[in-house]
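Peer 1: sharing a model prediction with you, sequence too.
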Amino acid sequence: MELGAWIQRWPVVRQLTQDDALGRGAAVKSPRSDQWHPRTEDADHVARSVCPYCAVGCGQKVYVENGMVSQIEGDPDSPISRGRLCPKGSASKSLVTSPLRVTKVRYRRPYANDWEDLDLDTAMDMIADRVVEARRAGWQDTDERGVPVRRTTGIASLGGATLDNEENYLIKKLFTALGAIQIENQARI
């Protein structure tokens, strides 16, 4: 190949010698890059979601292909993030597709050395039984002066920043209905 033709293959030379000074058009294309297509193009459908990492609520577009998450990107229609995601939000695809992700309920009995898998119904029943027992054990109808208080000190809640306002609202209502008075969130600590 002659030197002039070889030099013309360089994108920067084409950019300077052709009508593409900013390098956004034909000057930067190659046969290899012509074969590329967006990785989101093959998605069966797109679901809108919210990033799970913090309470900001950045919008996400979740691309699903063959029933599996193929890509997660920032949602440009989100008034909060306008299509931008922080490094953790940008990596949230690995949160749902990692082979290391735990997808079963794991339980370690008291004094046991090993974890065991439980079905979800069994685990939910165990949690409900423990909540009812803790509520019953710590229940107070009246305080030391005989004033009705109808509360429990056997249950407390500490919410995290990964919950959005709606989830925190429902948690507050649930624990208040159970009679708990120690309800806090890490945002206030």
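Peer 2: It's in. Residues are numbered from 1 along each chain as shown.
Peer 1: just give me how far stretch 140-147 sits from the chain centre.
Peer 2: Distance of stretch 140-147 from its chain centroid, counting by Cα atoms, centre = their mean, to the nearest Å, is 44 Å.
Peer 1: please save the CA atoms from it in PDB.
Peer 2: The C-alpha coordinates for stretch 140-147 follow below in PDB (Å, rounded to 0.1, in the frame of the first residue of the first chain):
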ATOM      1  CA  GLN A 140     -47.300  -1.600  77.800                       C
ATOM      2  CA  ASP A 141     -51.000  -0.700  78.300                       C
ATOM      3  CA  THR A 142     -50.200   2.000  80.800                       C
ATOM      4  CA  ASP A 143     -47.100   3.900  82.000                       C
ATOM      5  CA  GLU A 144     -45.900   4.000  85.700                       C
ATOM      6  CA  ARG A 145     -48.600   6.700  86.500                       C
ATOM      7  CA  GLY A 146     -51.400   4.700  85.100                       C
ATOM      8  CA  VAL A 147     -51.800   6.800  81.900                       C
END
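Peer 1: per-domain residue ranges of this protein.
Peer 2: 3-34, 45-97, 138-188 (automatic domain parsing).
Peer 1: and the longest one, how far out from the chain's middle?
Peer 2: What that stands for is domain 45-97. Counting by Cα atoms, centre = their mean, domain 45-97 is centred 8 Å from the centre of its parent chain.
Peer 1: nothing else from me, thank you.
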